[in-house]
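*Asks:* The sequence isn't on hand, but the structure is:
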């Protein structure tokens, strides 16, 4: 089995949703054996940046973060 990393430094869940279909293109799931056997999702640190600090551009409100995580999981199923 191969391990393929799809980590993007500095990304938050908003940005991940924008590139998700390019990171995991539909042809991976067409029965050709390329679909991942397991996926680990690690988001939260960048989303939790304080909105009044220098990294505010990465901040995602908690309710939006929850929705984004749910969307990521639904897409990956």
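*Replies:* Everything's here; your move. As the structure is a computational prediction, the values presented were derived from the model and not from experiment.

*Asks:* remind me which residues of this protein are low pLDDT?
*Replies:* Counting by pLDDT under 70, the low-confidence segments of the chain come to 1-2, 28-34.

*Asks:* Let's see that with 90 instead.
*Replies:* Across the chain, the stretches falling below the confidence threshold (pLDDT under 90) are 1-10, 21-45, 50-57, 76-77.

*Asks:* middle-most residue in it, spatially?
*Replies:* When CA atoms, centre = their mean is applied to the chain, the residue found nearest the centroid is residue 16 (4.1 Å).

*Asks:* Please report the distance of it from residue 52.
*Replies:* For residue 16, the distance to residue 52 under the criterion CB to CB, to the nearest Å works out to 23 Å. C-beta coordinates here come from the backbone N, C-alpha and C atoms, glycine included.

*Asks:* Could you do residue 10 as well?
*Replies:* From residue 10 to residue 52 the distance is 19 Å (CB to CB).

*Asks:* of these two, who's got more company?
*Replies:* More neighbours surround residue 10 than the other of residue 10 and residue 52, with 10 against 7 (other CB atoms under 10 Å).

*Asks:* Helix or strand for the more buried one, just tell me which one.
*Replies:* Under the criterion DSSP states H and E, no helix or strand holds residue 10.

*Asks:* residue contacts, the nearest residue to it once chain neighbours are set aside?
*Replies:* By the measure of CB to CB, 6 or more residues apart in numbering, the closest residue to residue 10 outside its immediate chain neighbours is residue 46, 6.2 Å from it. With contact taken as CB atoms under 8 Å, 6 or more residues apart in numbering, residue 46 is in contact with 10-12, 55, 58.

*Asks:* Counting neighbours, which of the residues you listed comes out on top?
*Replies:* When neighbours are taken as other CB under 10 Å, the top entry among the contacts of residue 46 is residue 12 (23 neighbours).

*Asks:* Does residue 16 touch residue 71 like I think?
*Replies:* No: distance between residue 16 and residue 71: 9.3 Å, which falls outside the contact criterion (CB atoms under 8 Å).

*Asks:* quick one on the thing from earlier: contacting residues for the residue nearest to the centre of the chain?
*Replies:* Residue 16 sits next to 8, 43, 68, 72 when contact means CB under 8 Å, 6+ apart.
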